[in-house]
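Participant: no letters, just coordinates:
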Ligand code: MG
C-alpha cells in the first residue's frame with residue numbers, strides 16, 4: 001500500500017467570533033492510498049497555517065512540505081513517517097504549526113492502519129484498558145453568574161458527572177471569579193466534579209491567591225492558570241497548590257510535555273491528539289506521565305474526528321483521568337462526522353469499528369469548505 005495524496009480541507013463557519021471556541025473552523029486531513037483506503041484526521045491549529053505546512057513546496061531537505069515526504073510511502077509505517085515528517089520540517093518546525101499538521105496526518109495514518117487491519121485504533125495502540133469512559137462536559141463560562149448557573153444546571157440535567165467551565169469573563173477579576181465559580185458549583189450540586197479552565201490569564205502569584213479562594217468550591221482541577229511556556233511559574237504554583245493543576249493543551253511534541261511535568265510539576269497533562277503530534281506523540285506523552293506518576297486527560301475542542309481519536313487514546317492508556325467532551329452546539333462540532341459518540345449517564349462507549357470509526361458528513365464538508 002502506498003500514499004498517493006494528502007488532502008487538507010479548510011472548513012469555516014460564515015461568522016467566526018473572538019470567543020475561545022475552536023469549533024468555528026477546522027482543518028480536515030485525508031490521506032489517500034493506492035488501495036482506495038482513505039485515512040481521516042484533523043488538525044487543531046490556525047487551519048490555513050497548518051494547511052500551508054502540508055502543501056508547502058520543498059525549500060530544501062529539512063524545510064519541506066509534509067505531503068511531499070509522504071507520497072509513495074507505506075502508510076502503515078506510522079512511527080517512521082512521524083520521524084520523517086519531523087525531520088523534513090525541523091528547520092521551521094519542532095513545535096507549533098508543523099507538529100499540529102503532523103498530528104492530523106498521524107491520525108489519518110492510524111485510521112488507515114485500523115481499516116487495513118480491520119481493528120479499532122485502540123487495539124493497535126496496545127489494546128483496551130477501558131470499554132467506556134467517564135466524560136466531562138466542556139463548555140465556556142457564561143457572561144454572568146446567572147448564565148453560568150443555567151449552563152451548569154443544563155449539563156448536570158443531561159447526566160454528566162463532571163463539567164468544566166472555561167474562558168469567557170473568568171480570570172479578569174477576583175470578585176467576579178468567585179461569583180462565577182459559586183454559580184457553577186451551585187448549579188452542579190456537591191456530587192459532581194467541577195473543573196475550572198482559566199485560559200492562561202494569571203501570573204503564578206495571582207494563581208496562588210485565586211487557588212486559595214477557589215478551594216471553597218472544591219474544584220477537581222484548575223486548568224491553564226498560567227501562560228503555556230511559564231514552566232517556572234507552574235513549578236512554584238504546583239508546589240503551593242493542594243488543588244490539582246492541569247495544563248498542556250497548547251503544547252506540541254513530547255519533550256515539552258515532559259518539561260511541563262518535571263519543571264512545571266503539573267498533576268494532569270492534556271495532550272490534544274489533533275495538535276500534540278497525533279496519537280503517536282500522545283502515547284509517548286502518556287508513557288512519560290506514567291513514569292512520573294501523573295495523570296492524562298485529552299484535550300479536544302474540534303469535531304467528531306478528534307473526539308473519536310481521543311476516545312481511542314483514553315481507552316488505551318492506564319493513567320487517563322476523565323475524557324474531555326466538547327458540548328458546543330455549532331455545526332462543525334456536531335455534524336462533521338456521521339457518528340455522534342453520545343454521552344449516556346455520564347459515560348461514552350468506545351467505538352468498535354475498524355480505524356477511528358468515523359465517516360465524514362459530506363454535506364457539512366461541502367457547506368463549510370473554503371476554496
Ligand atoms: Mg483548556
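Facilitator: Done, it's in. Bear in mind the structure is a predicted one, so any value in this text is a computation, not a measurement.

Participant: per-residue confidence for residue 167?
Facilitator: pLDDT for residue 167: 89.

Participant: over to residue 213. Which of the three states is it?
Facilitator: Secondary structure, DSSP: H, G, I helix; E, B strand; the rest coil: residue 213 is helix.

Participant: that one against residue 175, yeah?
Facilitator: No - with contact defined as C-beta atoms under 8 Å, residue 213 does not reach residue 175; the gap is 9.7 Å. Bear in mind the C-beta positions are built from the backbone N, C-alpha and C, glycine included.

Participant: same drill for those two, tell me which one is more crowded.
Facilitator: Set side by side, residue 213 and residue 175 show more neighbours around residue 213, with 13 against 8, by other C-beta atoms under 10 Å.

Participant: got a list of what the more buried one touches?
Facilitator: 174, 177-178 (C-beta atoms under 8 Å, 6 or more residues apart in numbering).

Participant: again, but for residue 165
Facilitator: Applying C-beta under 8 Å, 6+ apart, we find residue 165 in contact with 139-141, 148, 151-152, 180, 184, 194-197.

Participant: in its sheet, what does the host helix or strand of it sit against?
Facilitator: Taking DSSP states H and E as the criterion, residue 165 maps to strand 162-166. Note on strand 162-166: by DSSP bridges, its sheet partners are strand 132-140 (parallel), strand 193-197 (parallel).

Participant: using the three-state scheme, assign the residue nearest to residue 334 when sequence neighbours are not counted.
Facilitator: Spatially, and ignoring its direct neighbours in sequence, residue 334 is nearest to residue 340 (7.6 Å; C-beta to C-beta, 6 or more residues apart in numbering). Three-state call for residue 340 (three-state DSSP): coil.

Participant: check the gap between residue 340 and the ion for me.
Facilitator: 22 Å (C-beta to the ion, to the nearest Å).

Participant: is it true that that residue touches residue 304?
Facilitator: Yes - if you go by C-beta under 8 Å, residue 340 and residue 304 touch, sitting 6.9 Å apart.

Participant: who's more crowded, the two?
Facilitator: Neighbours were counted for residue 340 and for residue 304 using other C-beta under 10 Å; residue 304 has more, 27 against 11.

Participant: re earlier: need the contacts of residue 213 in JSON lines (columns: distance to the ion).
Facilitator: Shown next, in JSON lines, are the contacts of residue 213 (distance: C-beta to the ion, whole Å):
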{"residue": "174", "distance to the ion": "20"}
{"residue": "177", "distance to the ion": "16"}
{"residue": "178", "distance to the ion": "20"}
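
Participant: show me which residues of the stretch 101-250 of the chain sit near the ion.
Facilitator: For the stretch 101-250 of the chain, the residues in contact with the ion (C-beta under 5 Å from the ion) are 197, 249.

Participant: what's around residue 205, how many residues?
Facilitator: Residue 205 has 12 neighbours, counted by other C-beta under 10 Å.

Participant: tell me the one of the contacts of residue 165 nearest residue 84?
Facilitator: residue 197 (35.1 Å; C-beta to C-beta).

Participant: tell me who's in contact with the residue nearest to the closest one when sequence neighbours are not counted.
Facilitator: Setting aside the residues directly before and after it, residue 197 is nearest to residue 166 in space (C-beta to C-beta, 6+ apart), at 2.8 Å. Listed by C-beta under 8 Å, 6+ apart, the contact set of residue 166 reads 20, 138-141, 196-199, 223.

Participant: which single one of those is nearest to the ion?
Facilitator: For those, the minimum distance to the ion (C-beta to the ion) is 4.2 Å, reached by residue 197.

Participant: is that closest one in a bridge, and if so with what?
Facilitator: Beta-bridge partners, per DSSP bridges, of residue 197: residue 166, residue 223.

Participant: now do the longest helix seen in the chain, average pLDDT.
Facilitator: Longest helix in the chain, counting residues (DSSP state H): helix 97-117. Mean pLDDT, computed over helix 97-117, is 98.

Participant: for that helix, buried residues please.
Facilitator: With burial defined by 16 or more other C-beta atoms under 10 Å, the residues of helix 97-117 counted as buried are 97-116.

Participant: ditto for stretch 332-341
Facilitator: Neighbour-count burial for stretch 332-341 [16+ other C-beta under 10 Å]: 332-337, 339, 341.

Participant: measure it end to end?
Facilitator: 15 Å (C-alpha to C-alpha, to the nearest Å).

Participant: once you drop chain neighbours, what's closest to residue 13?
Facilitator: Computed as C-beta to C-beta, 6+ apart, the closest residue to residue 13 that is not its neighbour in sequence is residue 24, at 5.1 Å.
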